[in-house]
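Novice: Please find the sequence and the predicted model below.
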Amino acid sequence: MMPAVPYANRKDNGIYHPIRLTLNKKLEETRGKAVPFDAYETGMLRFGTANPDDAAYDSLADISVSRDGDMYEIRLPWALLNVTDPSRREVIGDIWSKDGLKSRQIIRGIRLGVYVADENSSFSFPAMNGNVLPAGRFYEYAWPVWEAPRYHERLKQSYEMMKESFSRADITKQQAVE
């Protein structure tokens, strides 16, 4: 399905391998038309604002930066962090073990570090040690385990527009046509 790369079968090869989500497999139709393989790199994060009251709101935003530039909100899907069951803090284990892709382990939490740079300056937390971001000083985030997830509901911004449109639709005429 995905093209093979020569380094991927070597443990600790030092090469970052992006996580991709398959959108469709390569398909050959009987009439000879082909649908090519397509995938999406899940680690390509989208900048935007996560505030539904903001005019520039984007419900798909992964990273939001405050107007002052002093606060970041980052939303990462559990799968991108290799978390298989967040309610138990269960993650993919050592895929090189005998269990392979079925390998699992329970963790205490995840460790976070930040490095941001542009052409003029850079910032890191924790502070860089030379050219190294010292993993031992990363912030550890441990979330509570749960049996039933907490959630809240809210109406999407388009709710009132959809409600208005549907209220004008004559469903009985539509059903008569069918």
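Specialist: Happy to help now that I have it.

Novice: Quick one, grab the pLDDT at the spatially most central residue of the chain.
Specialist: Centroid check for the chain by Cα atoms, centre = their mean gives residue 77 as the closest residue, at 3.5 Å. We have a pLDDT of 84 for residue 77.

Novice: Now it: closest residue in space, sequence neighbours ignored.
Specialist: residue 42 (7.0 Å; Cβ to Cβ, 6 or more residues apart in numbering). In short, each C-beta sits where N, CA and C put it, glycine included.

Novice: how near is that neighbour to residue 63?
Specialist: Separation of residue 42 from residue 63 (Cβ to Cβ, to the nearest Å): 14 Å.

Novice: Any figure for the gap between the residue nearest to the centre of the chain and residue 5?
Specialist: From residue 77 across to residue 5, the span is 23 Å (Cβ to Cβ).

Novice: Just the mean pLDDT for the longest helix seen in the chain, thanks.
Specialist: In the chain, taking DSSP state H as the definition, the longest helix is helix 159-168. Mean per-residue pLDDT for helix 159-168: 89.

Novice: The residue nearest to residue 77: neighbour count?
Specialist: 14 (other Cβ atoms under 10 Å).

Novice: now residue 39
Specialist: Residues lying near residue 39 (other Cβ under 10 Å) number 16.

Novice: Quick check: bridge partners of it?
Specialist: Per DSSP bridges, residues listed as beta-bridge partners of residue 39: residue 22.

Novice: From residue 25, how far off is it?
Specialist: In terms of Cβ to Cβ, residue 39 sits 10 Å off from residue 25.

Novice: joint contacts of these two?
Specialist: Here residue 39 and residue 25 have no joint contacts, going by Cβ atoms under 8 Å, 6 or more residues apart in numbering.

Novice: And the strands in the protein, which stretches?
Specialist: Remark: strands assigned in the chain by DSSP state E are 20-24, 27-28, 34-35, 38-41, 63-65, 72-74, 83-85, 90-92, 104-106, 110-112, 114-117, 122-125, 139-141.

Novice: for the last one, packing partners?
Specialist: Okay, so that is strand 139-141. strand 110-112 (3 or more Cβ pairs under 8 Å, 6 or more residues apart in numbering; DSSP states H and E).
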